[in-house]
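>>> When you get a sec, could you give me coordinates for this:
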Amino acid sequence: MDCCLIPTSLLLHTLARLQCTTWPSAITLTGSSIRISDSLQILGITLDSTLSLAPHINNIVKNCNYHLQAVRHIRLSIAKEVANTMACAIIGSRLDYCNSMFYKMSDKNFNKLQRIQNRAARIVCGVGRRQQNARQLCHNLHWLPVYSRTDFKLATLCFKSHVMRQPDYLAVTLDRYEPSRSLRSSFCTIL
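Numbering: from 1, shown residues only. Model prediction:
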C-alpha cells in the first residue's frame, strides 16, 4: 500500500453520543488499519461525524471571502454587469454546489452563507455596508436568498423526477398522490 494513501473512515453519530462515548482512533479490517477521522471530503463536500455540515460551510465561506476580496479590488475598474456576472459565476456557483444537501440545515449555517451573498451584492452594487439594505440589493440583482435557492433546487429536482422521470433512481421512489375522495383539484392537469 502506498504510504501517501492512508484509508480513512468516518463514524456518524449524534452530538450526545460523541460526548458520552470514547471512540477508537483506528479500526483494523482484513489486516489493514483504517484511521477514523472527524471529517471526510467526498466530491468537494466536507462531511463531519454529526452531519452538521459546519466544516463544509466554513470552507465555502473562507473560499468565497477570498474571491470576493479579489472582486472588490477590481470593482471600480469594471461595469456593474461584469461584476454581477463574475459574482454569479464565482460566488453563486459555490453557494449552489450540492445545496440540496442544505435542506433542514441549521439557521446558523444558512446565515453564514447569506452573509456571503449579501457581501457579494454590496460589492457588485458598489455600496457600503450601511448604505443600503442587502436584501433589497439581492432583490434588485434578481438573486434568490440562499435558503430559497435550496428550496428551489429541491422543487426543481422533484418536478423533473415526477414529470420527466429523470433521474431514474429518484423517479422510481416517487409515488403519485391519489386522494381518498374526489376533490375539485382532481380535474386539474399538471404538465
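>>> so what's the spatially closest residue to L15 that is not a sequence neighbour scoring on pLDDT?
Leaving aside its sequence neighbours, L15 sits nearest to T50 (C-beta to C-beta, 6 or more residues apart in numbering; 5.4 Å). C-beta: built from backbone N, CA, C; applies to glycine. T50 carries a pLDDT value of 83.
>>> Neighbours of T50, how many?
When neighbours are defined as other C-beta atoms under 10 Å, T50 has 15 of them.
>>> Am I right that it is in contact with Q19?
No: under the criterion of C-beta atoms under 8 Å, T50 is not in contact with Q19, lying 10.8 Å apart.
>>> residues in contact with the spatially most central residue of the chain?
By C-alpha atoms, centre = their mean, the chain has its centre lying nearest to N99, at 2.9 Å. The contact partners of N99, taken as C-beta atoms under 8 Å, 6 or more residues apart in numbering, are V146, R149, T150, K153.
>>> State the mean pLDDT of the helix or strand the second one falls within.
Take DSSP states H and E as the rule and R149 turns out to sit in helix 146-159. Confidence over helix 146-159, taken as the mean pLDDT, stands at 92.
>>> same check, this time on stretch 62-74
96.
>>> quick one: contacts of it?
Residues contacting stretch 62-74 (C-beta under 8 Å, 6+ apart): A83, M86, A87, I90, I91, R94, L95, I116, R119, A120, I123.
>>> Closest one of those to D175?
Closest approach between these and D175, by C-beta to C-beta: L95, at 31.7 Å.
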